[in-house]
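S.K.: got a sequence here, can you build the structure:
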Amino acid sequence: MRVDKLLNKLCLIKTRSIAKNACDKKLVKINDKIAKASSTIVDNDIIEYKLYGYYNKIKITKVPSGNVSKVKAPEFYKILERDKLEL
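M.R.: Residues are numbered from 1 along each chain as shown. Just a heads-up that it's a prediction; the model follows:
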């Protein structure tokens, strides 16, 4: 699954277009490499992104196959780090 689509489906970023713009601005990394919006995510990938005034680092435990409800979204990832960014 594409990283921009995944971040939106798991309710980590509000819309897919915001996720795509974050990738275009080099704010998203997959396994310590800058990610394009079309980068493919697989199980156990680590995603880092800076958005909404926070630095987030998450591990994808399982890539969802379809739509995910907001309640079940946390089953697909584990938050490794979350820090407020100094502006």
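
S.K.: now do the buried residues in the longest helix along the chain.
M.R.: Taking DSSP state H as the criterion, the chain has its longest helix at helix 16-24. Buried positions in helix 16-24, judged by neighbour count with 16 or more other C-beta atoms under 10 Å: 16, 19, 20, 21, 22, 23. For glycine as for every other residue, the C-beta is placed from the backbone atoms N, C-alpha and C.

S.K.: can you give me the neighbour number for the nearest residue to residue 70 once chain neighbours are set aside?
M.R.: Nearest residue to residue 70 in three dimensions, chain neighbours excluded: residue 11, at 5.3 Å (C-beta to C-beta, 6 or more residues apart in numbering). Neighbour count for residue 11, taken as other C-beta atoms under 10 Å: 14.

S.K.: what do you get for residue 49?
M.R.: Around residue 49 there are 22 residues (other C-beta under 10 Å).

S.K.: test my guess that it contacts residue 26.
M.R.: No - checked against C-beta atoms under 8 Å, the pair residue 49 and residue 26 is beyond contact range at 10.3 Å.

S.K.: between the buried residues of helix 16-24, which sits nearest residue 78?
M.R.: Closest approach between the buried residues of helix 16-24 and residue 78, by C-beta to C-beta: residue 19, at 19.2 Å.

S.K.: hang on, residue 79 in a strand?
M.R.: Yes - counting by DSSP: H, G, I helix; E, B strand; the rest coil, residue 79 falls inside a strand.

S.K.: residue contacts, it?
M.R.: 56, 57, 58 (C-beta atoms under 8 Å, 6 or more residues apart in numbering).

S.K.: how about 6 Å then?
M.R.: residue 58 (C-beta atoms under 6 Å, 6 or more residues apart in numbering).
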